[in-house]
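S.K.: Sharing a model prediction with you, sequence too.
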Number of protein chains: 4
Amino acid sequence: MKPTPPDVVRAAYAELVVTDLAEARRFYVDLLGFTVSADVGRALYLRGYDELIHHNLILRQGQEAATARLAYRVRCPADLDLAEAFFADLGSRTARVPAGTTPGVGETIRVEDPLGFTVEFFAEADWAERLQQRYDLRRGVEPARLDHFNIVVPDVRAAYAYYTSLGFGLSETIEDENTMYAAWMFRKQTVHDVAFTGGAGPRVHHVAFFVHESHQVLRICDILGSLHEEFLIERGPGRHGVSNAFYVYLRDPDGHRIEIYTSDYYTGDPGHPALRWSVRDPRRRDFWGHPVVESWYTEASTVLDLDGRPRPLIQQNQPAEAGAAQVGADGFTR
Amino acid sequence: MKPTPPDVVRAAYAELVVTDLAEARRFYVDLLGFTVSADVGRALYLRGYDELIHHNLILRQGQEAATARLAYRVRCPADLDLAEAFFADLGSRTARVPAGTTPGVGETIRVEDPLGFTVEFFAEADWAERLQQRYDLRRGVEPARLDHFNIVVPDVRAAYAYYTSLGFGLSETIEDENTMYAAWMFRKQTVHDVAFTGGAGPRVHHVAFFVHESHQVLRICDILGSLHEEFLIERGPGRHGVSNAFYVYLRDPDGHRIEIYTSDYYTGDPGHPALRWSVRDPRRRDFWGHPVVESWYTEASTVLDLDGRPRPLIQQNQPAEAGAAQVGADGFTR
Amino acid sequence: MKPTPPDVVRAAYAELVVTDLAEARRFYVDLLGFTVSADVGRALYLRGYDELIHHNLILRQGQEAATARLAYRVRCPADLDLAEAFFADLGSRTARVPAGTTPGVGETIRVEDPLGFTVEFFAEADWAERLQQRYDLRRGVEPARLDHFNIVVPDVRAAYAYYTSLGFGLSETIEDENTMYAAWMFRKQTVHDVAFTGGAGPRVHHVAFFVHESHQVLRICDILGSLHEEFLIERGPGRHGVSNAFYVYLRDPDGHRIEIYTSDYYTGDPGHPALRWSVRDPRRRDFWGHPVVESWYTEASTVLDLDGRPRPLIQQNQPAEAGAAQVGADGFTR
Amino acid sequence: MKPTPPDVVRAAYAELVVTDLAEARRFYVDLLGFTVSADVGRALYLRGYDELIHHNLILRQGQEAATARLAYRVRCPADLDLAEAFFADLGSRTARVPAGTTPGVGETIRVEDPLGFTVEFFAEADWAERLQQRYDLRRGVEPARLDHFNIVVPDVRAAYAYYTSLGFGLSETIEDENTMYAAWMFRKQTVHDVAFTGGAGPRVHHVAFFVHESHQVLRICDILGSLHEEFLIERGPGRHGVSNAFYVYLRDPDGHRIEIYTSDYYTGDPGHPALRWSVRDPRRRDFWGHPVVESWYTEASTVLDLDGRPRPLIQQNQPAEAGAAQVGADGFTR
């Protein structure tokens, strides 16, 4: 009998290793507008304006840029035990981390998950000061909260199966007759907490932050143009076909990809039906039909194991989406 | 031992009795932009553009304007049995309504709840055609989905206690040392599925529909001004202190109050902390400090019992919020 | 023969006397987001982000709050001579002020105009640094430029006749069979550079600043709510019937009324036809039909003469608009 | 002595020859939302919601797609005589067209201007019904009025000199040490009525329509995506460096390029200083640094002479902007 999975509430925070913490602080705090929850010298803990837990993002100074961990909140402390048993059963390495190790959160379970990512589960967190109605403090893109992680995996269907076993629901996919190119899965009542992009993995494609309105997405682009840092805008702004969200992708000074994301939809009803996009629909990645820049498909962040060492990559064992779409576009009848 | 409450998923639809269905159709469909899911002659079934179930609003032709029922989705058919037992235990009248009675939904349980409202629970619903990405069809305020019900009750604390027993969480209140003037409670991960306003009850204060951006709220006001029906705009647009949402209140041709609502926040974390507003803070009802028009406090829709008869009113047994706020405002030190 | 009027280009700046320059600076610079062009100790020179001349607003420390002058740009230095002759012919007191007296502008002609206002004309101004594309600097409501002056006069038709003689065009009016209650007049290709409100005068009703989009108007209200200074929001946000603009009226710490204004229209065609609103149309002042708060009709800033002394008031010699509208609204058939 | 040029007020309308008038009507009226001022069978006369003259766009059925004429309003009938003499002096072919030939406008002068374009001047026009406040009628992108023409010319500096002689002011340029790659010129108080793009000419690059807010630009893209006509979106939405405007470029069913344009700035002050962009600044064409799609530089509409025959092309006699920018980008130091 399979062990019961923990009751995951939502994607909560990510830890990014950055090579110049001062530069990273300027990008995330001064330009994007995150709030500093804690500054402990070698690491910064940041959150969005709506966020009520301690942090959505940990920036840690290191030698090489990487994503050290992705963290989900679970419902209660007993879910940590469930998580430990669940991953032990999968043969995953796990570690129990005492409360206080990460500022603002209680005890956690860290695992090297079957996809090769270091994932952290926590149940308890300090409530942060409410800043949602401190419009006087707002800057930049006015990030509200973390929305989701997007991860690069060699086998999207395997990732889908694994996250299904963890209790995640499916909201959307990109497919053709033979292949699942991408999938979006959720615990909280939005389109996703995690999504999978096919490619050599494990790597982190991007971390996405929610904002409330489209004009905020436009504004961060204008700010970056003002500073002649427009080269940090990798893709967009645009409307996603998948999720219907309005987006822009930025690259931080270390190349970590950040999505600014607004306007997705409610998925909380039981049996929420998944929306399946053909890989041949040019609107799936951009509803306005614009081609995806190549770097968006090819570049992603290295992930670290429980010991902080870079994970080796496994090459993609499925057709590349860009190629499949290209074939499709050629044969596309309007 | 108290019976287990049903697992309520969210506020789903309301049935409004209207005295001129053609006029109501013009208001909700032609002006506000709702989609017609079904037109059965004496009744119209409408939904928002994001909605995946059959309807968010039933307009039924009748002699006297009233709210006939408020409906919540529950997680699964077994929750209908739980609902029946739960309300039987409370001494409430209940009725089991076979699938197909209401188009698009399965079997339901209807109850006269302890607050005097006719509330319907359903587990199964037909999935509707996805229209979210049919921007070519959008009109009016572009309603996305039903967000919440606001009900008038003589005793807010009693309503709070009852909905707590049904498993609802508390997001915000308006209070002073002695009195709870209003409360907001949720099952889905937003600020509310139901809110309570103190007054003679049971009456329905408003039904609220979610839209994605503030400019959509401004647009419906401009449309009503264009048609010289600006008198249908009762209050706002404005920013609520409570919920932080951007709102406008409209009155339909029968006087039913409709809120158009955007930009609230995520409440899905376990133990989500409630925000308590002083009745003396002039920003609680309007973050910009504008006084609430008197009709907004005094007028509301009659509710019908299971037999379709108007419910008698019970006078408010707590101080009026407007009065308490007034005293407060006088003594307010800036 | 009447003298040729100067070729007025546009409304350019106003000088406000404030009783606490530090408080005024906080309001205009820190909260609203004006740029400081010059700080000369007893006075601040401010401009909007799009503005290319030195200033749109002078804040000068004084004993009593007042509006010291309203300034228009004229096309060339010869227009200063025309202005001098034009006002001498009207019997107005005039003064020629040498270049450099006001930082950033050349020689000016100051006059006590026939309506009792101190008006300044200048032809030459220093070009300011372009900040329009410095989105990184933007704060508050992001004022772009001064748009217009609104002045209170006892006799609107007399003000209309005088400004017509100065070469201004008429864009809109509020009227009934007998009375012109208000009028909007322009030189630049927008709805107005100056507007007249009937009342005891001369007083300045408000100075208006243009912003590019509606969400900027909403934002300043949210900022003021955040700081619990929502009482500075006097009226709106809303849509004007007249001008079609989206507006909000704020009161600065001295009670000077400021309008934030967006979305008016092009009036540059020859013979541009005026739009005449009935005083009985409840949409004329607010397209959404909301009543105008009483203070908006009754309060306004004292104006100073050429010697800096307050001008005595002449009582309104025409029916009050609010009263006429009230009568109208009573008799209004929907 | 050079003849006095006519007093040009603004760019007013364009005539596009389309090969399928029903398809063109669907694009401009049903999707973009233009108002039909007149339908005379073989031609449609369209205007924006703010426009007070009869039309901004004439769609005429023809065999081959082309731009038949670009029309400017002049101040008064005497300016037609000035126009005739001005162009006769330049050796341009001219024709006097009686009132009533084009619905809604008075007598016109048509010329084959020195750049090879058929340009029409008119002084008198019928006032159209005001629709600005008919928000109930709005659809699509909600076009407000024509903003400007962008024309392709082999020699940008020659075009600049010619339009300077016609009394146009210069607002912005793209240059390097040797070459003027593009220029923006105005009569009305905005960034431009006409702009020049270097290339084989005469051809019309695009006709631009003003809208009031950015979200309207996003909306038309969403509508086109909804209808799976996203391939009509050629470039953008984005922020222009030049003009600071927020834009999108669409191609109509015949390939005519349409710009939707918002948020430019006031240029009405005497001696308005031009802003000169380096061809090496990647933000000049897109403030967010995105590359311009190749078709945008290479494709444009054929123009017709006074007899309705296509004008032969003269090849560009200056370096291509795309090439110069590329060299620049290579040498660009960030």
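M.R.: Received it, and whenever you're ready, just let me know what you need. Numbers count the residues shown, from 1 in each chain, chains lettered A, B, ... in the order given.
S.K.: what does the stretch 201-334 of chain A put close to chain C?
M.R.: A:213, A:215, A:219, A:222, A:223, A:225, A:226, A:227 (C-beta under 8 Å from any C-beta of the partner chain). Any C-beta I mention is one placed from the backbone N, CA and C, and that applies to glycine too.
S.K.: Could I get the contacting residues of the residue in the stretch 1-150 of chain A that chain C sits nearest to?
M.R.: Residue nearest to chain C within the stretch 1-150 of chain A (C-beta to the nearest C-beta): residue A:135, separated by 3.9 Å. Contacts for residue A:135 (C-beta atoms under 8 Å, 6 or more residues apart in numbering or on different chains) come out as C:219, C:222, C:223, C:225, C:226.
S.K.: Inside helices: which ones of those?
M.R.: Those of the contacts of residue A:135 mapping onto helices are C:219, C:222, C:223, C:225, C:226, per DSSP state H.
S.K.: What is the burial count for the last one?
M.R.: This points to residue C:226. Other residues within reach of residue C:226, judged by other C-beta atoms under 10 Å in any protein chain shown, total 19.
S.K.: Next: the first one.
M.R.: Here the neighbour count serves as a burial measure; for residue C:219 (other C-beta under 10 Å) it reads 22.
S.K.: Please apply the same query to the second one.
M.R.: Residue crowding around residue C:222 was assessed by other C-beta under 10 Å; the count is 21.
S.K.: What of residue A:97?
M.R.: So residue A:97, with other C-beta under 10 Å, has 18 neighbours.
S.K.: Equivalent analysis for the one 5 residues further on, please.
M.R.: In terms of burial, residue A:102 registers 25 neighbours under the definition other C-beta under 10 Å.
S.K.: Check the secondary structure at it for me.
M.R.: coil (DSSP: H, G, I helix; E, B strand; the rest coil).
S.K.: is it true that it touches residue A:58?
M.R.: Yes - in terms of C-beta atoms under 8 Å, residue A:102 counts as a neighbour of residue A:58; the distance is 7.5 Å.
S.K.: Could I get the pLDDT score of residue A:329?
M.R.: What the model reports as pLDDT for residue A:329 is 49.
S.K.: so which of the ones in helices among the contacts of residue A:135 would you say is closest to chain B?
M.R.: residue C:225 (3.9 Å).
S.K.: ok, so what distance separates the closest one from residue B:288?
M.R.: 5 Å (C-beta to C-beta, to the nearest Å).
S.K.: what do the two both touch?
M.R.: residue B:239.
S.K.: ok, back up a step: ok, the closest residue to the residue of the stretch 1-150 of chain A closest to chain C other than its chain neighbours - contacts?
M.R.: Taking C-beta to C-beta, 6 or more residues apart in numbering or on different chains as the measure, residue A:135 lies nearest to residue C:222, with 3.9 Å between them; neighbours along the chain are not counted. When the contact criterion is C-beta under 8 Å, 6+ apart, the partners of residue C:222 are A:133, A:135, B:239, B:287, B:288.
S.K.: Is stretch A:43-50 positioned near chain B?
M.R.: Yes - using C-beta under 8 Å from any C-beta, stretch A:43-50 reaches chain B at residue A:50.
S.K.: For that stretch, list every residue counted as buried.
M.R.: A:43, A:44, A:45, A:46, A:47, A:48, A:49, A:50 (16 or more other C-beta atoms under 10 Å in any protein chain shown).
S.K.: avg pLDDT for that stretch?
M.R.: Stretch A:43-50 comes out at a mean pLDDT of 98.
S.K.: Can you name the residue of the stretch 101-250 of chain A nearest to chain D?
M.R.: residue A:230 (3.2 Å).
S.K.: quick one: pLDDT of that residue?
M.R.: 98.
S.K.: Identify the residues contacting the nearest residue to it once chain neighbours are set aside.
M.R.: Nearest residue to residue A:230 in three dimensions, chain neighbours excluded: residue D:289, at 3.2 Å (C-beta to C-beta, 6+ apart). Taking C-beta under 8 Å, 6+ apart, we find residue D:289 in contact with A:225, A:230, A:231, A:233, D:282, D:283.
S.K.: Look at residue D:289 and report its pLDDT.
M.R.: For residue D:289, pLDDT reads 96.
S.K.: Surely it is in a helix?
M.R.: No - assigned with three-state DSSP, residue D:289 falls outside any helix and is coil.
S.K.: just checking, what packs against the strand or helix carrying residue A:235?
M.R.: According to DSSP states H and E, residue A:235 maps onto strand A:233-239. Here strand A:233-239 touches helix A:214-226, strand A:246-251, helix A:294-298, helix D:214-226, going by 3 or more C-beta pairs under 8 Å, 6 or more residues apart in numbering or on different chains; DSSP states H and E.
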